[in-house]
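Asker: Let me see the structure of the following:
(chains A and B)
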Amino acid sequence: MRTIKKHFSGVDALVDGNLELERGDIHALCGGNGAGKSTLLSILMGFLQPEGGEIFINGKPARFANAKEALNAGVAIVQQELSAVPHLTVAENIYLGAEPSRYGLVDFRLLNEQAGKLLKSLGFDLAPTARMDTLSIASQQLVEVAKALSHRNADILVFDEPTSALGEEDSDRLFKAMRDLASAGKGIIFVTHRIAEIFTVANTYTVIKDGARVKSGRVSDITREQLIEAMIGGNAESEFVKANEPGDAALLDVRHLARPPYFADISFTLHEGEVLGIYGLVGSGRTEVLDAIYGLRRNQAGTISMRGKRLKGGSTTEALATGMAYVPEDRKLSGLVASASVGDNLSLSVLRRIQKFGFIRFAKEKQRIAKAIGMMQIKTPTPKNLVQNLSGGNQQKVVLGRCILTEPKVLLLDEPTRGVDVGTKKEIYRFISDFARAGGAVAMVSSELEEILGVSDRILVLRKGRIASVLSRNEATPKKLMMAAV
Amino acid sequence: MTPDHELAKGRQHEQGEGHEEHAPLTMEGEQAANSRPRVPATRSLPALMFLRNYGIVFAFILVCLLVSLLCQYRVMKGEWAENAFLTPDNFLLILYQISINGILAIGMTFVVISGGIDLSVGSVLAFAGMLAASFATSLTTVTPWSGTYGLAVPILAALLGGVACGALNGWIVSRFRIQPFIATLGMLLVARGGTMALTGGNPISSLSPRLRWFGTGKLASIPIPIVVFAVVFAIAWVVLNRTVFGRYVYAVGGNERSARTSGIRTNQIKIWVYAMSGFLAGMAGIVLTAKTGSGQTNAGSSYELDAIAAAVIGGASLSGGVGKLSGTLFGALIMGVMNNGLDILGVESYYQLIIKGALIVTAVVIDPSRKSADS
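Answerer: Residues are numbered from 1 along each chain as shown, chains lettered A, B, ... in the order given. Next comes the predicted model:
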């Protein structure tokens, strides 16, 4: 009883979903947004019912009417989105709904003990009694993993983009845990948009596209290019687009910026036509630096100048007026107004410039919205569609579109391709390159090494809130970046 | 995590995938996905869209029908000579009865859309009303400054008093990051206490006829409170739907961080919104004082609840970012028709309260626009 097989043949979203998972395997499930990955997994998890096809677990046919049945059959998922309760402790979150109890009261001592053991066995350095909201996003994701694994009998573990919120170091820790689990005989299905991770951790793969399997096999038998080709169904030229040339004219000048305890003594100059990559581990202060430049936070010391003019600081309105635009790290939390339409989201930053006595000039607004939708190739039935109904990639394009409408000179991007599929990633890279080529400057934070290396003209490495190294495009290598960052 | 919870997540998953299917990538190889578009969920069905936009109107018509049928029943049984509900005068009366709640509810709608709540409007109404009364009375001893001044003085005093209370609410909420519920709860007590302190707990009567005109006068046979309500509604509608400020209110309530990232001075917007709510409470205070003919220390007690109810029945979401003034108008109308109809039918007031309470909760439960906004 070694083989775990799943066969589905549904309709529409999933025409011919196939996937075989062996005990001890880490199996990468690849495909663009809308390829049918989530549908396939949802059927496996019992969220959805297949219209055809069969699932076999340990050779026995299985069918799950709901998530609980799937869980009982040994299928557990690590959610892509964090579902933690912020005011509870790590241990309470892990065993939420399954607390050990005595006389109807929660046995907290046992709870913490169990959680501690579990975390230790996974190699996660987390205190069971720490409150969830005191943890970084990365640590919260690790708790999510621990939670999935707290179901003792879980044989099949599904990791749905577990690293999208993690930095390099935490990802590695997670991969180690995955390998340990695999060698303990569990089967793991791993979904990620980061191609490199597939080669780091997975040993088998399945590529699905348009709801059907197009390729599967051992990871060691395929190259990165072949994998991308299979996913997008054509020739993959380079993943990255880079056609800009950095110039000499300074646009943004940052001097000795400091905001203890997050960062100190940050100085750099951003030139016309330049893409500056900012690399650092989670907690290195990279997001905080961008926040500070854009005026979301006040700085304790230092100056920020745009084209030689010093900013007062602490005001996003001012930053925007001087030609900055910011794409924040988390589009749901701080990027988009989910309750508003695509159009309203796009025009939000530019409204100030298309008004008369405070009244919105609707003809102009309509024209700007159409322009942004065209430029960013946002797929939406109408601009009145609610932005929360768009796919992740299109949502990100809306955030970018809002920025571009203000005709910025400097773009600050924080993880601009997080949770976005390969095709849209490439569009975003092209956008960045075009923007720089037109004379703009870009500062981009990313925790993906290749992305930083592929897109940047110069790379700033942050470590513990200070600039650890500045590397030019020619001299930068993954190794040098990592060495500087840790 | 409960299974239900997981199931809900699964459904989201499914929908997300559906939409992605609808909006495929532009990469050449992905075009194939275009040829098999799936109908994403149910939200694009025209019937549902229609219901979402105009459901509140149907609800209003339904309530009207129900009340008039019950009245007609009385007529048929020979108890009544005519249908007392279905007369033009009665409809004017309903509008007259809801005008004060309507004015408060308009301010409340702005506050709720911005993601807040204003519990102080009832007390601020009383405070402003008492201020107005103190400047337009023939009694000269009730406060040190009492007397009959030019009409502008009581009006300005009331509006300024209202704005001041509201702006203070907004300042506290935005400057100290205090939850609006708490901040305005504080103001609820402070303004009520202030009202009593103004006169040592006494009412102010013997108001000047010119002030009373705001409650009892008519313009082309329409009572002034209705006129005030209509004018306020029209201006507020334009501000919310046609100005940059209005759009910012939606953005701040929908996602404050995103609004800030988009270059909006969110704190300023909040202060303006609460100041506006205070201003309208002041205006409602003038009208109520003029209507009743005296400044009362307990005026407007629990009016904030009716105002919130009107906004919420009208589809405003207490989590912010969602709401419409037309919805609020119909929300206020529905409550007005219910109160009026139950009065006419002779239903005792305690049953009225029970029915009103059930109505508020039911309205929110069945509101079709709520689901998409909260998912």
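Asker: Can you verify my assumption that residue A:39 contacts residue A:211?
Answerer: Yes: Residue A:39 is in contact with residue A:211 according to C-beta atoms under 8 Å; the separation is 7.4 Å. No exception for glycine: its C-beta is placed from N, CA and C like everyone else's.
Asker: What ranges in the chain fall below the confidence cut-off?
Answerer: Since no chain was named, I'll use chain A. Scanning chain A for pLDDT under 70 picks out A:1-16, A:32-35, A:80-83, A:152-153, A:165, A:232-238.
Asker: that's the wrong chain, I wanted chain B
Answerer: Residues of chain B that meet the criterion pLDDT under 70 lie in B:1-49, B:51-52, B:368-375.
Asker: quick one: contacts for the most centrally placed residue in it?
Answerer: Among the residues of chain B, residue B:105 comes closest to the average C-alpha position under C-alpha atoms, centre = their mean, at 2.1 Å. By C-beta atoms under 8 Å, 6 or more residues apart in numbering or on different chains, the residues touching residue B:105 are B:306-307, B:310-311, B:314, B:328, B:331-332.
Asker: Which of the residues you listed fall in helices?
Answerer: If you go by DSSP state H, those have B:306-307, B:310-311, B:328, B:331-332 in helices.
Asker: Please produce a markdown table containing the contacts of residue B:105, extended by neighbour count and distance to chain A.
Answerer: Formatted as a markdown table, these follow (neighbours: other C-beta atoms under 10 Å in any protein chain shown; distance: C-beta to the nearest C-beta, whole Å):
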| residue | neighbour count | distance to chain A |
| --- | --- | --- |
| B:306 | 26 | 25 |
| B:307 | 35 | 22 |
| B:310 | 29 | 20 |
| B:311 | 30 | 15 |
| B:314 | 26 | 16 |
| B:328 | 29 | 17 |
| B:331 | 32 | 19 |
| B:332 | 31 | 23 |
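Asker: from the residues you listed, which single one is nearest residue A:61?
Answerer: residue B:314 (52.3 Å; C-beta to C-beta).
Asker: Leaving out chain neighbours, which residue sits closest to that closest one?
Answerer: residue B:327 (2.9 Å; C-beta to C-beta, 6 or more residues apart in numbering or on different chains).
Asker: cool, and residue A:334?
Answerer: Using C-beta to C-beta, 6+ apart, the closest residue to residue A:334 is residue B:257 (3.7 Å).
Asker: Okay, and the one you found sits in which element?
Answerer: helix B:256-261 (DSSP states H and E).
Asker: and for that helix, what are the contacting residues?
Answerer: In this structure, residues lying in contact with helix B:256-261 by C-beta under 8 Å, 6+ apart are A:294, A:296, A:316, A:326, A:328, A:333-337, A:348, B:115, B:248, B:251-252, B:266, B:269.
Asker: How many residues are close by residue B:77?
Answerer: Neighbours of residue B:77 under the rule other C-beta atoms under 10 Å in any protein chain shown: 8.
Asker: Quick check on it: phi, psi?
Answerer: Dihedral pair for residue B:77: phi -70, psi -10, per degrees, to the nearest 10.
Asker: my guess is residue A:65 meets residue A:45, correct?
Answerer: No: with contact defined as C-beta under 8 Å, residue A:65 does not count as touching residue A:45 (11.7 Å).
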